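Peer 1: Structure of the sequence below:
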Amino acid sequence: MKGMNNDITILKSTSEGPRKDQFIQFQLELEQYILKEFTSTDDIANIVKDLKDPSDNLNTQMLRIENIKNQIDNQGLDPDVDKKEIKLMKQSIKDLYQQEMRLCADRKQQLRSNKSKLCGTIWSQCTSTMQSELVNLNNYNEKIKDYDCLWLLENLKLLSSGIDIKQNSSYTAFEIASSIYHIRQQQNEGLDSYHKRFESTIKTAKLMGINYDLHDNIVESEKKAHPTENDDEINKRATNRYEAMIFLMRADKSKYKHLWNDLIINMSQGVDRYPHDISSARNMLYNYSMPNSNNNTNDTQIILSQVISDDSESRGNNAPIPDTDSKCNPIVTCYKDN
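Peer 2: Predicted coordinates:
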């Protein structure tokens, strides 16, 4: 079957035997299509790329009257002495505010126009079976009438992943949580591909409201490290850290087993270099180089890398030093024997 656009993957129902990564491929190709064929693409492209509604971001970017008043008050002008300057400032800010309001209104209008176009594009790239499954969802008529392409994309993601919202909720939670822990970077798979698959799996869990990430010990650790932050901020940090750990530990063992050992050794030395979010975990994996196997004296020896410490001068004779290859690795701290 062919869709309206041959450059975008056709989304099939799981009953039609689709490829496992069909939504990821569909998402990437749809984003590229938007960037080429749509007008004013920033807001609409984010819906596809991040599966997030840009309307909230638009509203927060608008200038507020109270913010304008604060800008005037913060100038330290005297209402009696600086009347002329205050009047000019008010007029300038008023003009800026009106300009921003017009720009925001134009962006909202363009976004609505793009949503209508995007809904049509998405629909045309679904098989008739997938379209039937969409039509049977609750609130379908209402969502399509409003050109709610975010709702459309979220449900297509779930349907193309084989998620049945009518299935037993405990079974669904088990299946989704299991998919997170069973994901694994394949031996010949690139880091970008693994990263996209991982993020897609995490997104599926969040769309279904599956809690897999908030463990009490991680939350308490974050509270101690950031005592001034509120519960929402702490929970966000805990979630990011746990997701980073899963991403790190499900990477290709043949490439990163020495890195895992290095991180464990660092912790034994009181230095926690584990990543704090998926982005930092990805950077760590991307920048890591496996040690040369020729430097091993036997098959089980762990090669310890060196690092230049930020306060190396204060350590005196205990300052870390380069290896025999004159290189320092930013993962593990090793010191000279006393």
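
Peer 1: What average pLDDT does stretch 138-147 get?
Peer 2: Stretch 138-147 carries an average pLDDT of 92.

Peer 1: Show residues contacting that stretch.
Peer 2: 112, 115-116, 118-119, 134, 151-152 (Cβ atoms under 8 Å, 6 or more residues apart in numbering). Any C-beta I mention is one placed from the backbone N, CA and C, and that applies to glycine too.

Peer 1: Save the residues you listed as JSON lines, and put in secondary structure, distance to residue 55 and neighbour count too.
Peer 2: Formatted as JSON lines, the contacts of stretch 138-147 follow (DSSP: H, G, I helix; E, B strand; the rest coil; distance: Cβ to Cβ, whole Å; neighbours: other Cβ atoms under 10 Å):
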{"residue": "112", "secondary structure": "helix", "distance to residue 55": "10", "neighbour count": "14"}
{"residue": "115", "secondary structure": "helix", "distance to residue 55": "10", "neighbour count": "20"}
{"residue": "116", "secondary structure": "helix", "distance to residue 55": "15", "neighbour count": "13"}
{"residue": "118", "secondary structure": "helix", "distance to residue 55": "14", "neighbour count": "24"}
{"residue": "119", "secondary structure": "helix", "distance to residue 55": "15", "neighbour count": "19"}
{"residue": "134", "secondary structure": "helix", "distance to residue 55": "22", "neighbour count": "21"}
{"residue": "151", "secondary structure": "helix", "distance to residue 55": "13", "neighbour count": "19"}
{"residue": "152", "secondary structure": "helix", "distance to residue 55": "15", "neighbour count": "22"}
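
Peer 1: Tell me which of those has the lowest pLDDT.
Peer 2: Within those, pLDDT is lowest for residue 112, at 89.

Peer 1: so the nearest residue to that residue once chain neighbours are set aside is in which element?
Peer 2: Leaving aside its sequence neighbours, residue 112 sits nearest to residue 147 (Cβ to Cβ, 6 or more residues apart in numbering; 6.9 Å). Element membership for residue 147 (DSSP states H and E) is empty, with no helix or strand holding it.

Peer 1: Quick check: residue 147 vs residue 119, distance?
Peer 2: According to Cβ to Cβ, to the nearest Å, residue 147 and residue 119 sit 5 Å apart.

Peer 1: what do you get for residue 186?
Peer 2: In terms of Cβ to Cβ, residue 186 sits 35 Å off from residue 119.

Peer 1: ok, back up a step: the residue nearest to residue 112: how many residues sit nearby?
Peer 2: 19 (other Cβ atoms under 10 Å).

Peer 1: Tell me both backbone torsions, phi and psi, for it.
Peer 2: phi 50, psi 50 (degrees, to the nearest 10).

Peer 1: same thing with residue 11?
Peer 2: Dihedral angles for residue 11 - degrees, to the nearest 10 - are phi -90, psi 120.

Peer 1: Tell me how many other residues crowd it.
Peer 2: 26.

Peer 1: do the one 10 residues further on as well
Peer 2: Burial of residue 21 is recorded as 16 neighbouring residues (other Cβ under 10 Å).

Peer 1: you'd agree it is up against residue 197?
Peer 2: Yes. Look at residue 21 against residue 197 with Cβ atoms under 8 Å: they come within range, at 6.7 Å.

Peer 1: Can you lay out the contacts of stretch 138-147 as JSON lines showing distance to residue 101?
Peer 2: As requested, the contacts of stretch 138-147 are exported to JSON lines (distance: Cβ to Cβ, whole Å):
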{"residue": "112", "distance to residue 101": "17"}
{"residue": "115", "distance to residue 101": "21"}
{"residue": "116", "distance to residue 101": "23"}
{"residue": "118", "distance to residue 101": "25"}
{"residue": "119", "distance to residue 101": "27"}
{"residue": "134", "distance to residue 101": "36"}
{"residue": "151", "distance to residue 101": "28"}
{"residue": "152", "distance to residue 101": "30"}
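
Peer 1: What would stretch 39-50 look like as PDB? C-alpha coordinates only.
Peer 2: The C-alpha coordinates for stretch 39-50 follow below in PDB (Å, rounded to 0.1, in the frame of the first residue of the first chain):
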ATOM      1  CA  THR A  39       5.500  27.300   6.300                       C
ATOM      2  CA  SER A  40       6.800  28.600   9.700                       C
ATOM      3  CA  THR A  41       7.800  25.100  10.800                       C
ATOM      4  CA  ASP A  42       9.200  25.600  14.300                       C
ATOM      5  CA  ASP A  43       6.000  25.200  16.300                       C
ATOM      6  CA  ILE A  44       4.500  22.400  14.200                       C
ATOM      7  CA  ALA A  45       7.700  20.400  13.800                       C
ATOM      8  CA  ASN A  46       8.000  20.200  17.600                       C
ATOM      9  CA  ILE A  47       4.700  18.400  17.800                       C
ATOM     10  CA  VAL A  48       6.100  15.700  15.700                       C
ATOM     11  CA  LYS A  49       9.700  15.600  17.100                       C
ATOM     12  CA  ASP A  50       8.900  15.800  20.800                       C
END
